[in-house]
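Colleague: coordinates for the following, if possible.
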Amino acid sequence: QESVKRALEVAAAGGHNLIMIGAPGSGKSMMAKRLPGILPPLSLGESLETTKIHSVAGKLGKDSSLIATRPFRSPHHTISQVAMVGGGANPQPGEISLAHHGVLFLDELPEFNRSVLEVLRQPLEDRHISISRAKYSLDYPASFMLVASMNPCPCGYYNHPTKACVCNPGQVQRYLNRISGPLLDRIDIQIEIVPVPFEKISEKQQAESSASIRERVICARKMQEKRFANHPGVYCNAQMESRLLHLYAEPDEQGLNLLRNAMTRLNLSARAYDRILKVARTIADLDHSEQVTSIHL
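Modeller: Predicted structure coming up:
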């Protein structure tokens, strides 16, 4: 469970996309719903952008002022393409825009319609969505953290330490194929969650609070705020372009060798290379390190 906590901390500190894979009842949804408690507060620029979108969508109350907390959107898996990306007869921002500078949580990811998942590919890359229809053309911002959870197979117990899986290999493969390779390539952190043993559930010792994790996350975000002060529109490591990666996330010689070996052995894409450097930069920030080293990689 420590590795899961660490993954959530890194995702929150750098604004990275995260997918959790595990058996039913292992705590995937509960972990995701704790994210707002460790996310840093919105900066003024982020707050203004988020408030504009919610105002356009008619989601602000009469007496509301600036939105101060990061949005957490959790649509049901029956959601339509239009509701996800925006548009419609009376154009409205979709869920991806309402989650701008916040979290879009997709529970039971393979249950979503494949076409709905595939429309996420472009906004995950470009951080905005362009909608062109016969009567109008719109551009909505969509810089969100994608957090998803899924079971490893239809019955949910593939690779479970104690329960036997009742699915045949073909069923498992078909289930996993519902998530396309190009979409998975855009997710920075993939983590497997194992069920919590009875000893851990029943122990009386208090675990680390969200508040103390949030302090470390805020500290890392302050470093990023300082780093990107001269780059308008960039607020966290996940938003860095290749040009900024060369400036701020260039690893040392030992790190480059490690990355070279990983790229060759695992046959990783150029996008995966960028995402590894972004996550490593965030881990280095949490470690208060200016240089990205092989440990962070």
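Colleague: Asp107 against Ser29, yeah?
Modeller: Yes: at 5.5 Å, Asp107 and Ser29 qualify as touching, with contact defined as Cβ atoms under 8 Å. Using the backbone N, CA and C atoms, a C-beta is placed for each residue, glycine as well.
Colleague: out of those two, which sits in the more crowded spot?
Modeller: For Asp107 versus Ser29, the count of surrounding residues by other Cβ atoms under 10 Å is larger for Asp107: 19 against 15.
Colleague: gap between the more buried one and Lys52?
Modeller: Between Asp107 and Lys52 the distance is 28 Å, computed by Cβ to Cβ, to the nearest Å.
Colleague: could you do Lys163 as well?
Modeller: With Cβ to Cβ as the criterion, Lys163 and Lys52 are 48 Å apart.
Colleague: common neighbours of Asp107 and Ser29, please.
Modeller: Common contacts of Asp107 and Ser29, defined by Cβ atoms under 8 Å, 6 or more residues apart in numbering, comprise Ser149.
Colleague: from the contact counts, what lies against the helix or strand of the chain with the lowest mean pLDDT?
Modeller: The helix or strand of the chain with the poorest confidence is helix 198-202; it has a mean of 71 (mean pLDDT, DSSP states H and E). Contact here means 3 or more Cβ pairs under 8 Å, 6 or more residues apart in numbering; DSSP states H and E; on that basis helix 198-202 packs against no helix or strand.
Colleague: buried residues, that helix. List them.
Modeller: Within helix 198-202, no residue qualifies as buried by neighbour count (16 or more other Cβ atoms under 10 Å).
Colleague: equivalent analysis for stretch 183-193, please.
Modeller: For stretch 183-193, a neighbour-count test (16+ other Cβ under 10 Å) marks 183, 186-189, 191, 193 as buried.
Colleague: pull the most distant pair out of those.
Modeller: Comparing all pairs in those by Cβ to Cβ, the longest separation belongs to Arg186 and Ile193, at 20.6 Å.
Colleague: please enumerate the strands of the stretch 101-250 of the chain.
Modeller: 103-106, 128-132, 137-141, 145-150, 189-193 (DSSP state E, counting those that start in this stretch).
Colleague: what does the first one contact?
Modeller: Outside strand 103-106, the residues that touch it by Cβ under 8 Å, 6+ apart are 32-33, 35-36, 39, 70-75, 77, 95-96, 112, 144-149.
Colleague: helices - which of these land there?
Modeller: Mapping the contacts of strand 103-106 onto helices (DSSP state H) picks out 32-33, 35-36, 95-96.
Colleague: which one of these is nearest Ile213?
Modeller: Using Cβ to Cβ, those come closest to Ile213 at Leu35, 10.3 Å.
Colleague: how many neighbouring residues does that closest one have?
Modeller: The number of residues packed near Leu35 is 20, by other Cβ under 10 Å.
Colleague: in the sheet, who's paired with the closest residue to it other than its chain neighbours?
Modeller: Across the structure, with Cβ to Cβ, 6 or more residues apart in numbering as the measure, the residue nearest Leu35 apart from its sequence neighbours is Val103 (5.6 Å). Bridge pairing for Val103 (DSSP bridges) gives the partners Phe72, Met145.
Colleague: start at 47, not 1
Modeller: Done: numbering now begins at 47, and the last item shifts to Val149.
Colleague: not counting its own residues, what contacts the helix or strand encompassing Thr310?
Modeller: For Thr310, the host element (DSSP states H and E) is helix 299-312. Residues outside helix 299-312 that contact it (Cβ under 8 Å, 6+ apart) are 297, 314, 318-319, 322-323, 326, 338-340, 342-343.
Colleague: just the CA trace of it, in PDB.
Modeller: Coordinates of each C-alpha in helix 299-312 appear next as PDB, following Å, rounded to 0.1, in the frame of the first residue of the first chain:
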ATOM      1  CA  GLU A 299      24.900  10.600 -17.500                       C
ATOM      2  CA  GLN A 300      24.000   7.600 -15.400                       C
ATOM      3  CA  GLY A 301      20.300   8.400 -15.800                       C
ATOM      4  CA  LEU A 302      20.700   8.700 -19.600                       C
ATOM      5  CA  ASN A 303      22.300   5.300 -19.700                       C
ATOM      6  CA  LEU A 304      19.500   3.800 -17.700                       C
ATOM      7  CA  LEU A 305      16.900   5.400 -19.900                       C
ATOM      8  CA  ARG A 306      18.600   4.300 -23.100                       C
ATOM      9  CA  ASN A 307      18.600   0.700 -21.900                       C
ATOM     10  CA  ALA A 308      14.900   0.900 -20.900                       C
ATOM     11  CA  MET A 309      14.000   2.400 -24.300                       C
ATOM     12  CA  THR A 310      15.800  -0.400 -26.100                       C
ATOM     13  CA  ARG A 311      14.700  -3.400 -24.000                       C
ATOM     14  CA  LEU A 312      11.100  -2.400 -23.500                       C
END
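Colleague: all set, thanks.
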